[in-house]
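[1] Based on what follows, work out the 3D shape:
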Amino acid sequence: MSASTSSASTTRPTFFGLFDRAVTPELDIEAQLPQPIPARTHAARSNASVDETTSNVIDDFFGASRRAGTRDSRHDDARAATPADVEAAPPSYEMSLEPPAYSAVSDQPTLAMYLFKFGFLFPLFWIAGAFILLSPLQAPEDWETTKPEYERAEMIASMRRAEVKWAKRCLYALGLTTLVVTAIVVLAVFTMRS
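    Numbers count the residues shown, from 1 in each chain. As a prediction, the model looks like this:
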């Protein structure tokens, strides 16, 4: 009788003692699940440009075979440009330095911009920045010699616009600081006299 009970039940030792349970196929959850669908695979493509008879020294050293790695990747094939791809290309901007309308470009860093920013630490920099309004911006003779003349002129005009913008900000900051300091001095003098 003990032989029949041992074949129909499973005994496992646990912390609290022996655990007995009867083996029944209807209680086996994993046996009730459907079998998984096999994974899709594709056959390796043959690449006519890769010669199977040649040997790569690096592959031989590391033991890589010709069929291993990403050689069968769909991204390895370089497709030739079609006429439709060439027609769909964006227009070139070789005649203008202006960026397309959908992109935002900040000003080029200029001396006046640095003088304005550092003027908050040392306000005399704003005086030097305001003097940039009086000086013309001229490029040296050997500046950007690889570019055509119209492109150089456009770059100079763009830089001058940025310089003037920051120089005006230096002038406004200098004027505002002068007004504030003058008002404080006047108030201090009237307060001391009365």
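[2] counting contacts, what elements does the longest helix belonging to the chain pack onto?
    What stands out as the longest helix in the chain, according to DSSP state H, is helix 149-193. If you count contacts as 3 or more CB pairs under 8 Å, 6 or more residues apart in numbering; DSSP states H and E, helix 149-193 packs onto helix 111-118, helix 124-131. All C-beta spots, glycine's among them, are computed from the backbone N, C-alpha and C.
[3] tilt between it and helix 111-118?
    Relative orientation of helix 149-193 and helix 111-118, computed by axes from the mean of the first three to the mean of the last three CA atoms, to 10 degrees: 30 degrees.
[4] when you give positions from now on, start the count at 804
    Sure, I'll start counting at 804 from here, so that last one is helix 952-996.
[5] and helix 952-996, average pLDDT?
    Computed over helix 952-996, the mean pLDDT rounds to 92.
[6] Give the residue spans of this structure that score low on pLDDT.
    For the chain, applying pLDDT under 70 flags the ranges 804-813, 822, 824-831, 833-834, 845-857, 868-909.
[7] same thing but at 50, please
    Residue ranges of the chain with pLDDT under 50: 804-810, 871-872.
[8] now Ala976: how far from Leu982?
    Using CB to CB, to the nearest Å, Ala976 is found at 11 Å from Leu982.
[9] Mind checking which of those two has more residues around it?
    Of the pair Ala976 and Leu982, Ala976 is the one with more neighbours under other CB atoms under 10 Å, namely 19 against 10.
[10] which residues does the more buried one contact?
    The neighbours of Ala976, taking CB atoms under 8 Å, 6 or more residues apart in numbering as the test, are Phe919, Gly922, Phe923, Pro926, Trp929.
[11] rerun that using 7 Å as the cut-off
    Ala976 makes contact with Phe919, Gly922, Trp929, according to CB atoms under 7 Å, 6 or more residues apart in numbering.
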